[in-house]
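K.L.:
after the sequence you'll find the predicted model.
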Amino acid sequence: MKRTLFTLLFLLLGFMMVAQEGPVNVIVLGAHPDDCDGDAGGTAILLAQMGHRVKFVSLTNGDAGHYARGGGDLARTRIAEAREAGRRFGVEYEVLDNHDGELMPTLENRLKVIRLIREWDADVVIGPRPNDYHPDHRYTSILMQDAAFMVIVPNVAPEVPPLEKNPVFLYAEDRFRKPYPFEPDIAIDIGEVFDQKIYAMAAHASQYFDWLPWTRGQLQNVPEGEEARLAMLAKQRPFAPGPEVKECLIRWYGERGASVEHAEAFEICEYGKQPDEKEIRRLFPMLK
Ligand SMILES: [Zn+2]
């Protein structure tokens, strides 16, 4: 009862702050329908609960993400899965019609990304780092970097009004170490919404319970039944914060940060607005 009351109070405070300062607009860029979910899904749920606006965009339609299916049939499944995931996260989910496995950092795609960021009136843009293993992920990162700054230039994509202020661009956490490992600047405790994140991710059934286990030779180990599948997905996610993320959590949450079990961390990209601590707490009000 006390906990419910506390949650209600927290939500009420959140809405009062949104009413005062206006919502924070966050857009997350992923290469495939399911990438944004793992990178920033918990943060998105927390922001949406407080009345802020979050949009996930997949730059490809995911039509190569299967061993037995492909093309338009698979793309339609993945668009439907993304829509359901968006509903479960409480965010808008858009899937662009580029082929999976063939994303290129073309001028056409750069202009598309610039328009999306402007149309969302983004305060924060989140995407992968450019040293990821997957070419689609790398080029998603390049497209994000190419849009940083250009979103405020009126003569680029002039049919959509430019943003008045450059957003903060953030990289989502990964495990790649070359040329340099991920350096967390912001870390969000997502413990209270972790189960909801897993439930929302599970909407991508063609991926988490079919294609990805197949790539690891473990298709035969996928259980039947929703509960067992959710438990499997929750166990697989590498969310236990490493030493650097733990240190970052302590920076933002004080000593209680040391005991956070599930976190999402972000590194500030050098190309966009460089926020100070006060600005970061405004953009991520769960840190207030
Ligand atoms: Zn991906």
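P.N.:
Cool, the structure landed.

K.L.:
could you use CA atoms for every contact and neighbour count after this?
P.N.:
Noted.

K.L.:
low-confidence bits of the stretch 1-150 of the chain, can you list those?
P.N.:
1-17, 19-20 (pLDDT under 70).

K.L.:
tell me, how many residues neighbour the residue in the stretch 101-250 of the chain that the ion sits nearest to?
P.N.:
Going by CA to the ion, the ion is nearest to H137 of the stretch 101-250 of the chain, at 6.1 Å. H137 has 24 neighbouring residues, counting by other CA atoms under 10 Å.

K.L.:
my read is that it contacts G30, right?
P.N.:
Yes. Between H137 and G30 there is a contact under CA atoms under 8 Å: 7.1 Å.

K.L.:
shared neighbours of the two, which are they?
P.N.:
P128 (CA atoms under 8 Å, 6 or more residues apart in numbering).

K.L.:
phi, psi of T60?
P.N.:
With angles defined as degrees, to the nearest 10, T60 sits at phi -120, psi 170.

K.L.:
let me see the contact set for the residue lying closest to it once chain neighbours are set aside.
P.N.:
Of all residues not flanking T60 in the chain, N98 sits nearest, at 4.4 Å (CA to CA, 6 or more residues apart in numbering). N98 sits next to L59, T60, N61 when contact means CA under 8 Å, 6+ apart.

K.L.:
how much space between L287 and G38?
P.N.:
Going from L287 to G38 by CA to CA, to the nearest Å gives 20 Å.

K.L.:
more neighbours: which of the two?
P.N.:
G38 (19 against 14).

K.L.:
stretch 254-266: end-to-end distance?
P.N.:
End to end - CA to CA - stretch 254-266 spans 18 Å.

K.L.:
ok now it, how far from the chain's centre?
P.N.:
18 Å (CA atoms, centre = their mean, to the nearest Å).

K.L.:
what residues of that stretch count as buried?
P.N.:
By neighbour count on 16 or more other CA atoms under 10 Å, the buried set for stretch 254-266 is G257, A258, V260, H262, A263, E264, A265, F266.

K.L.:
pretty sure Y67 contacts W211?
P.N.:
Yes. Y67 is within contact range of W211, at 6.5 Å (criterion: CA under 8 Å).

K.L.:
pick out whichever of the two has more residues nearby.
P.N.:
Counted by other CA under 10 Å, Y67 and W211 do not tie: W211 has more neighbours, with 19 against 11.

K.L.:
which residues does I268 bridge with?
P.N.:
Beta-bridge partners recorded for I268 (DSSP bridges): L170.

K.L.:
surely it and A172 touch.
P.N.:
No. Judged on CA under 8 Å, I268 makes no contact with A172 at a distance of 9.2 Å.

K.L.:
ok, those two, which is more surrounded?
P.N.:
A172 (23 against 19).

K.L.:
how about V95, nearest residue that isn't a chain neighbour?
P.N.:
Per CA to CA, 6+ apart, closest to V95 is S58, 4.8 Å.

K.L.:
look up how far Q207 lies from the one you found.
P.N.:
For S58, the distance to Q207 - CA to CA - is 14 Å.

K.L.:
how about I79: what's its closest non-neighbour residue?
P.N.:
V95 (6.4 Å).

K.L.:
ok, now how distant is the one you found from R53?
P.N.:
For V95, the distance to R53 - CA to CA - is 17 Å.

K.L.:
got it, and D123?
P.N.:
Counting by CA to CA, the gap from D123 to R53 is 10 Å.

K.L.:
anything in contact with each of these two?
P.N.:
Contacts common to D123 and R53, judged by CA under 8 Å, 6+ apart, are V24, N25, V26.

K.L.:
so which of the residues you listed comes closest to the ion?
P.N.:
V26 (19.5 Å).

K.L.:
need the contact list for the residue nearest to L283 when sequence neighbours are not counted.
P.N.:
Nearest residue to L283 in three dimensions, chain neighbours excluded: V24, at 6.2 Å (CA to CA, 6+ apart). Going by CA under 8 Å, 6+ apart, V24 touches H52, R53, A122, D123, V124, L283.

K.L.:
this completes my enquiry, with thanks.
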